[in-house]
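Asker: Show me how the following folds:
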Amino acid sequence: MKQEILKNMTVVVTDSDFLIDSDGPLLASFVKHKVGNQLLDLCTGNGIVPLWLIDRGFSGEVVALDIQQQAVSLLKASVKINRLNNLLVIQQDLRGYVSEQKYDIICCNPPYFDLDTTLQSPNPKRRISRSSGSTIKQVTDCVTRNLKADGRFYCCFPASRMKHLFSVLYSSCLNPTRIQLVRYTETHKPWLLLLESAIGSKENLQLLPDIIVERNGHRNPYFDDIYRMGLGEDSE
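Answerer: All right, here's what the predicted structure looks like:
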């Protein structure tokens with residue numbers, strides 16, 4: 001295992017199967033929240049989304065859900081190291097999850113590809129995370145069961161599969177309200193889509209300026225701040 005250190009010294013315990021990539025911090029940075037909000041993070045993995053939000057000041061109650069014991073163990077280790085009393089980690093299949101309370105915010109870095117596609121990782125742990133039995137439709141079904149009427153759902157998804165994502169959202173009565181694309185340079189095609197949606201919303205869709213990682217050979221300070229981490233260290 002390894003300990004990664006976020007900007008404000010929150011520790012994220014990772015291993016070779018559950019690394020921190022750019023998608024999680026980008027998704028977390030896109031989330032809008034208020035004091036007292038309650039948050040549910042689906043497919044949490046090593047917990048980078050809730051841990052990033054807590055590192056940047058989120059103080060509400062958080063429930064983090066994942067089907068894999070390995071991921072749950074990593075996040076529980078992070079909770080213990082950081083002495084967090086507002087983050088509950090649950091090992092459960094999201095397809096059967098129904099909370100007694102509904103949430104203001106639900107986040108998910110969801111499965112990008114269904115099991116019947118050929119675009120799957122050779123790593124079995126990543127294959128479960130990225131191409132699990134839980135399809136994006138099953139994610140949105142979980143969201144509609146557990147999101148408050150005025151709550152918001154946040155997810156990231158491959159930009160090239162935007163049409164599929166929108167189709168699934170609409171079929172679950174989740175209407176997109178805010179969208180932002182991420183690209184490496186101004187000339188690259190976007191690789192990632194960040195999206196906010198709400199149940200039955202009639203709001204106009206807000207199109208935010210693209211996040212461009214590098215301009216004229218120089219890294220974007222905004223992206224670097226999102227992804228800023230200290231030096232990690234190996235642990236047993």
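Asker: does the nearest residue to residue 214 once chain neighbours are set aside sit in a helix, a strand or a coil?
Answerer: Distance criterion C-beta to C-beta, 6 or more residues apart in numbering; nearest residue to residue 214, sequence neighbours excluded, is residue 185 at 5.3 Å. All C-beta atoms are positioned from the backbone trio N, CA, C, and that covers glycine. Three-state assignment for residue 185 (DSSP: H, G, I helix; E, B strand; the rest coil): coil.
Asker: longest strand of the chain?
Answerer: As assigned by DSSP state E, the longest strand anywhere in the chain is strand 147-158.
Asker: what's the angle from the following helix or strand past it to strand 147-158?
Answerer: Downstream of strand 147-158, the next assigned helix or strand under DSSP states H and E is helix 162-171. With axes from the mean of the first three to the mean of the last three C-alpha atoms, to 10 degrees applied, the angle from helix 162-171 to strand 147-158 works out at 170 degrees.
Asker: thinking again about what came up before, for the longest strand of the chain, which strands pair with it and how are they oriented?
Answerer: strand 103-108 (parallel), strand 192-199 (antiparallel) (DSSP bridges).
Asker: So which of those is the most surrounded?
Answerer: A comparison of the strands paired with strand 147-158 by mean neighbour count, using mean count of other C-beta atoms under 10 Å, puts strand 103-108 on top with a mean of 24.
Asker: how far is it from where the chain is centred?
Answerer: 10 Å (C-alpha atoms, centre = their mean, to the nearest Å).
Asker: again with stretch 166-186
Answerer: Relative to the centre of its chain, stretch 166-186 is centred 14 Å away, using C-alpha atoms, centre = their mean.
Asker: which residues sit against it?
Answerer: 22, 26, 30, 136-137, 140-141, 143-144, 152-153, 159, 189-203, 205-215 (C-beta atoms under 8 Å, 6 or more residues apart in numbering).
Asker: any idea which helix or strand comes after the helix ranked longest in the chain?
Answerer: If you go by DSSP state H, the chain has its longest helix at helix 69-82. Per DSSP H and E, helix 69-82 leads on to strand 87-91 as the next helix or strand towards the C-terminus.
Asker: got a pLDDT number for the residue nearest to the spatial centre of the chain?
Answerer: Central residue check for the chain by C-alpha atoms, centre = their mean: the C-alpha nearest the mean position is that of residue 109, 3.6 Å away. At residue 109, the pLDDT value in this model is 95.
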